[in-house]
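K.L.:
Sequence first, then the predicted structure, then my questions.
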Amino acid sequence: MTLPLNVRRLGRVPYETSWQAMSAFTDNRTDDTVDELWLLEHDPVFTLGQAGLEEHVLFAGDIPVVRVDRGGQVTYHGPGQIVAYPMINLRRVGVGVRELVCKIEQAIIDTLGDWNIGAARREGAPGVYTADAKVAALGLRVRRGCSFHGLAFNINMDLEPFHRINPCGYKGLEVTQMVDLGGPSRLSDVEDVLVQEFCKQFGFHAVESAPIIPELPARVAV
């Protein structure tokens, strides 16, 4: 018996819009709320995690820097990158935070494997790597037992902005993307496989849902 997962393919969404929406979704969800996976792209933006050091932003230039409430250091989002936000009730799917990270990484590794691209995780450095280059980054938050924020998977994008930062806080870390590894250039092709592999890891079945950020009830003051 698998659990339903509402999958929303949202297209291009401003970073702060999606951040506010997934935070509100997490705050207002109940034990009966169906888990969701949002797939989207962002306009160019650097995001810096809660404990992120500003020194890892070497030269932002014309790209805004937004400090957010996820874990991790600095990363870049831009067109041609799949950003996926899994909003999962961890107790319901029976995983802890460490297993959550491992399962998301494995879903990405298995997606790359669909195009015969070898990839692996690194102990102490969340994300997915091919040889010595990073192809996907993770930055998560868990609140009230539920996850939000998520992963950034480089598919077919301008990688130049990664040279303006120490990616994920690592000086000189090389960054790559699927199209340069012999993979497809269309994000939708990769999204389809990523959703399948994600569902396999967590015991979900995908329910394709409206490509809009769901309306949320007003937050109750406490």
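P.N.:
Received it, and whenever you're ready, just let me know what you need.
K.L.:
Where do the strands of this structure begin and end?
P.N.:
Assigned by DSSP state E, the strands in the chain fall at 3-12, 35-41, 45-48, 65-67, 74-77, 81-87, 120-122, 125-130, 133-143, 146-154, 174-175, 204-208.
K.L.:
partner strands of the fifth one, parallel or antiparallel?
P.N.:
When you say that, I think you mean strand 74-77. strand 45-48 (antiparallel) (DSSP bridges).
K.L.:
And for the first one?
P.N.:
Applying DSSP bridges to the sheet, strand 3-12 is found paired with strand 35-41 (parallel), strand 204-208 (parallel).
K.L.:
so residue 211 sits right up against residue 8, yeah?
P.N.:
Yes. In this structure, residue 211 is within contact of residue 8 by Cβ atoms under 8 Å, at 5.9 Å. In short, each C-beta sits where N, CA and C put it, glycine included.
K.L.:
Residue 35: neighbour count?
P.N.:
20 (other Cβ atoms under 10 Å).
K.L.:
per-residue confidence for it?
P.N.:
What the model reports as pLDDT for residue 35 is 98.
K.L.:
what's across from it in the sheet?
P.N.:
Beta-bridge partners, per DSSP bridges, of residue 35: residue 5.
K.L.:
ok, now which ones touch it?
P.N.:
Residue 35 is in contact with 3-6, 86-89, 92-93, 204, counting by Cβ atoms under 8 Å, 6 or more residues apart in numbering.
K.L.:
Buried subset of the residues you listed, written for ChimeraX?
P.N.:
Only the buried entries of the contacts of residue 35 go into this ChimeraX selection, using 16 or more other Cβ atoms under 10 Å:
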select :5,6,86,87,88,89,92,93,204
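K.L.:
Between the contacts of residue 35, which sits nearest residue 165?
P.N.:
Relative to residue 165, the closest of these is residue 86; by Cβ to Cβ it sits at 24.2 Å.
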